[in-house]
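**Q** quick check, what structure comes out for this input:
(chains A, B, C and D)
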There are 4 protein chains.
Amino acid sequence: MEKVKDFQWKKGMTVKEMVSDFQQLGFQSIELARASEAIVKMKKNNAKIFLTFTSNMVTSGLRGFFAQIIKLGMADVIVTTVGGLEEDIMKATGEKFEIGRFEADDVELHEQGVNRVGNLFIKNESYMAIENWTAQQLSKLYRKKKRWAVSEILREIGLGLDDRNSILFQAAKNNVPIFCPAITDGAFGFHLHMFQQDHQDFVVDVVKDFGNILFVTSRDEKKGVIALGGSISKHHAILCTLLNGGADYAVYMTTAHKTSGSMSGATTSEAKSWGKVKDESDIATVIGDVTIIFPLVMVKAFEQLEEEGLLKKQGPEK
Amino acid sequence: MEKVKDFQWKKGMTVKEMVSDFQQLGFQSIELARASEAIVKMKKNNAKIFLTFTSNMVTSGLRGFFAQIIKLGMADVIVTTVGGLEEDIMKATGEKFEIGRFEADDVELHEQGVNRVGNLFIKNESYMAIENWTAQQLSKLYRKKKRWAVSEILREIGLGLDDRNSILFQAAKNNVPIFCPAITDGAFGFHLHMFQQDHQDFVVDVVKDFGNILFVTSRDEKKGVIALGGSISKHHAILCTLLNGGADYAVYMTTAHKTSGSMSGATTSEAKSWGKVKDESDIATVIGDVTIIFPLVMVKAFEQLEEEGLLKKQGPEK
Amino acid sequence: MEKVKDFQWKKGMTVKEMVSDFQQLGFQSIELARASEAIVKMKKNNAKIFLTFTSNMVTSGLRGFFAQIIKLGMADVIVTTVGGLEEDIMKATGEKFEIGRFEADDVELHEQGVNRVGNLFIKNESYMAIENWTAQQLSKLYRKKKRWAVSEILREIGLGLDDRNSILFQAAKNNVPIFCPAITDGAFGFHLHMFQQDHQDFVVDVVKDFGNILFVTSRDEKKGVIALGGSISKHHAILCTLLNGGADYAVYMTTAHKTSGSMSGATTSEAKSWGKVKDESDIATVIGDVTIIFPLVMVKAFEQLEEEGLLKKQGPEK
Amino acid sequence: MEKVKDFQWKKGMTVKEMVSDFQQLGFQSIELARASEAIVKMKKNNAKIFLTFTSNMVTSGLRGFFAQIIKLGMADVIVTTVGGLEEDIMKATGEKFEIGRFEADDVELHEQGVNRVGNLFIKNESYMAIENWTAQQLSKLYRKKKRWAVSEILREIGLGLDDRNSILFQAAKNNVPIFCPAITDGAFGFHLHMFQQDHQDFVVDVVKDFGNILFVTSRDEKKGVIALGGSISKHHAILCTLLNGGADYAVYMTTAHKTSGSMSGATTSEAKSWGKVKDESDIATVIGDVTIIFPLVMVKAFEQLEEEGLLKKQGPEK
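**A** Alright, predicted model coming up:
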């Protein structure tokens, strides 16, 4: 059995060294190191990787990291909520978000036309900035055909962007489908609604997309789920891998706890019930803020996989 | 300024008395009492009430309470996730869920064909039991027309049930629309997918439903949001009231904290930024498990509103 | 196996009825009902009951409830922190605490000489009000003898008060010892320090009190722990019952989670490792705010125990 | 105003680079970066630094890190609970702790004579191993004098150890006092009790130690508090700096939230009420597991302070 080891700072310490030390540190740091190992394992064993995240993570600077992850071949399927995709477009078209305080005065912010997401601020203008752009994209789509599955729309939108830090762009370029089961739950939903008012035969087909996500993978293929936060993104990935026999690997990171019986707080111990998890090293749950935990877990995994030549080659810019 | 008062048990104490005492008790008990007051206030001022909840709450016995709330006229719009609606159907058609332990052995449960949601158990059979029923409903719908908004489907399904404890049944009977922006994120999504395989022209129109929820209410109308848990149910209600000028009242109950910047943890202090909240007594956030907090908050509100004749008459059975 | 049951409001519903319904409701409401059962069981089986709580609970109105619990014979040993005992004295000598907001402006409060404990406010004057009183008590003690165990001091102080809602008063009157292993960690510590400056031979003997708490009970006696919140109060009760062979019953209520490896978040599942817990119904952990959960749990237990004549007779006033 | 920046992995990334990027990432990662800045600031401005932690952190590998922090001159006063000090002695005398699972079977562990602290395991033997050692130390102390302040005892014990990763050893060697207001709340309390049984005139003077911690610093001196976790360690440091006019800098790291009104969850915003905090950059609260967050915060601070020559020279081994 492994022993607890006294942690020590060494000058110039790398993230890789720190996360290696976490393996013998205690409590959530150990779980974090285990999560990194499980991700390395799923890649080495050629599992198809489902990456899920919530909108607030795209509001944060993790957005560019998700794009990099797709580019490096570490995500085969994305499941997320629509708010984050809107913000990915905003950022790709030049909007900037600001860093503020959790305790900011919400009434004052409102008067300044600023929206607060935790300690990050988004200007109303940023939302307005993408209105025309989105309307044009929808017109373009409509000219091609009238009935679209959600992931098809998102792919077209990605192809229309040009930003290497964009999730939609990298996903489209790397043939990684993005699924968004609640496509109307955001400003984008309003844009779709406005467009449909004038084009009654325009149809967003969510049912077809359920088939699409099912056929992305198969019973025989190894599957892994990396779920950041909870919500329907996490649920949808679990549901869809389950319908294909269950995931072989699962890593969850969340601030929610299992005690309220919510999906957000459900741990990977349930993954054992799918019957495909081989041993404890295939799964890990880390409790904590994803903006801290995920970079640690993933950078450690990248360093390891890079050494073994398992990352997709990063070509010249983009 | 109100003073802290020593809490004392009195024999035969009612819930109303206890929650009244909570007003002077401290910490979350005070917030709970404030939440109850805010709900009474929104009803007295004829606000249109948006009630949102997540699937796990329907797994629990709150399901019958939600149905009662609709029946008593305390919810004008429901927003939820599809898992709960499936379970409402299961229960309405005779399935029973069992009470277990959070620490149950998931591998063993799997072998017994049992799904665990926190400390509640659902048999696989219960899912299978509604497969045929759902297929029949979809056929019936399809014969009427090919293109359906989500809330229209849910209304038809509710009309096909006969259980006074059913959310779908009471909502249909009392003309309360149910919105479910991620209708495919559950077994029901699979049923829809199977049905569409054989009926390619069958369309579930989520975009149209965005219009429907917008037109449920107007800028001029007073609006209140009661959000239980987080996820897209909460987000959707906030988004849609915002597009109509913002809610005048808001009560959130959740186990999530604002520190991760998630929607689940966002508090009602943000509601002040919508510009319609008149004073502090219009909003309240309570941190805790909804299965404990919500019955307390709501029973106290019911007792008060009943005395003032503001609850919808409960007719004879059903 | 018990089934989930639809919860329904009945007019005039009592707390007892509600908590009974919680048994079949789900998630933490079930754990809450189990906690109430476990407390009834420990009383019926004549266990010696260790009740622990933290200072902020005494800041709240639970203070009078703790006094009532002692009076009714439901606590045989109290373990707590010194801040709460100071506040018990303040309240017993006429000070009032106010109800405020978690989001109050701390700089402004400071200028007004107000201390904030969550959403409760304590005036600086309230602290000053007990300075003289405490100094006089210490002088009185000192005249009797020079070396005091902590619980002896607290008993003397309790005898000097006259308030039926006071923890110190009821404990002294009912021969329930109060242990406070960190007696200097508060304003009272400063008072002791000032007194010792002038009376060098005055000794507060914490080591002796460790013996006292050990001899309160024995290996053969049945023991139960009701731990509210975490901190050293909880740890001390567990440690001292363990040294006597372990508790037979344990009920923990806390907002902390086990994931950080802290004492505050440790659950009663560990209690099984003491070797004396007979079955699952002897222990329960409830996650949530004690100001909500504890009144529910305890009022339900009181109603049941009262019916069976197991509560200590409440004499005329006091 | 600073903008959110897309996070990107660079090969060989150091901890310093990552935490620098956290400044523009979002949510708790920003607060983490702010905490690191605040610690650098308190050191640069010659504040006397109070470092507090709970026992479970010493169970973990942070123990050696705390020792290194003392050695590098980054802590002037330590406040902690006794359990951790016992474990520091165990480790210094050769005992090893093991890495396990949160979900381990507690009954089975009990049968093997193993104690579980979260996902770490301590053998009963490890507790027994220090019994004799402690008894000898107490005898040695007793021969010198009969009445001891707690911090004096801990200093003597530290001098008796020889392990550069030991908190007690480094503190004694570097003249950093360790305060432990609840010295009896652990196995050490039992040892003290047994010793006092045979040496009735042996006195552990907690009141005197209150004076000692007060005189460690003064009103005029700048003071900083780094509080890891909650409990009385945190409370005691805040209380004692407050009695000296309040801290100028404060950094809290915890998994607790302010919503329950507990000390563990109290945030640094209250520090503003002490009247000495100059601006927002003097304080920071980070929500999360200390075993992950603290190494990140502190390693970043070390790298910066080392460059500026503000760390105490690390001599040859020890």
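
**Q** so which bits of the lowest-mean-pLDDT helix or strand in chain A are buried?
**A** The weakest-scoring helix or strand in chain A, judged by mean pLDDT, DSSP states H and E, is helix A:106-111 (a mean of 89). Of the residues in helix A:106-111, A:106, A:109-110 count as buried by neighbour count, 16 or more other CB atoms under 10 Å in any protein chain shown. Every C-beta, even on glycine, is put in place using the N, C-alpha and C of the backbone.

**Q** what does chain A put close to chain C?
**A** Selection of chain A residues close to chain C by CB under 8 Å from any CB of the partner chain yields A:26-28, A:257, A:259-261, A:287.

**Q** helices - which of these land there?
**A** Counting by DSSP state H, these place residue A:28 in helices.

**Q** can you narrow the residues of chain A next to chain C down to the ones near chain B?
**A** Within these, those near chain B by CB under 8 Å from any CB are A:257, A:259-261.

**Q** closest one to residue D:229 out of the residues of chain A next to chain C, please.
**A** residue A:27 (10.9 Å; CB to CB).

**Q** circling back to that earlier point, adding distance to chain B, write the buried residues of helix A:106-111 out as CSV.
**A** CSV is the format used below for the buried residues of helix A:106-111 (distance: CB to the nearest CB, whole Å):
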residue, distance to chain B
A:106, 4
A:109, 6
A:110, 4
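
**Q** let me see the ranges of the helices in the stretch 201-318 of chain A.
**A** For the stretch 201-318 of chain A, the helices defined by DSSP state H, counting those that start in this stretch cover A:206-215, A:231-242, A:290-307.

**Q** go on, the stretch 51-200 of chain A?
**A** A:55-59, A:62-71, A:82-92, A:106-111, A:124-144, A:150-159, A:167-173, A:187-198.

**Q** next up, the contacts around the closest residue to residue A:126 other than its chain neighbours.
**A** Computed as CB to CB, 6 or more residues apart in numbering or on different chains, the closest residue to residue A:126 that is not its neighbour in sequence is residue A:95, at 4.1 Å. Taking CB atoms under 8 Å, 6 or more residues apart in numbering or on different chains, we find residue A:95 in contact with A:123, A:125-126, A:129-130.

**Q** highest neighbour count among those?
**A** The most crowded member of the contacts of residue A:95, judged by other CB atoms under 10 Å in any protein chain shown, is residue A:126 (22 neighbours).

**Q** doesn't residue A:90 make contact with it?
**A** Yes. Counting by CB atoms under 8 Å, residue A:126 does reach residue A:90; the two are 4.9 Å apart.

**Q** need the pLDDT of the residue sitting nearest the centre point of chain A.
**A** For chain A, residue A:53 is the residue whose C-alpha lies nearest the centre (CA atoms, centre = their mean; 3.4 Å). With respect to pLDDT, residue A:53 has a value of 97.

**Q** is any part of stretch A:223-232 close to chain B?
**A** Yes. Using CB under 8 Å from any CB, we find that stretch A:223-232 touches chain B at A:229-232.

**Q** and that stretch, what's its mean pLDDT?
**A** So the average pLDDT for stretch A:223-232 ends up being 94.

**Q** now for the residue nearest to residue A:87 when sequence neighbours are not counted, how many residues are close by?
**A** Excluding the flanking residues, the one nearest residue A:87 by CB to CB, 6+ apart is residue A:58, at 5.0 Å. Close neighbours of residue A:58, defined as other CB under 10 Å, add up to 26.

**Q** isn't residue A:58 right next to residue A:167, touching?
**A** Yes. Using CB under 8 Å, residue A:58 makes contact with residue A:167 at a distance of 7.0 Å.
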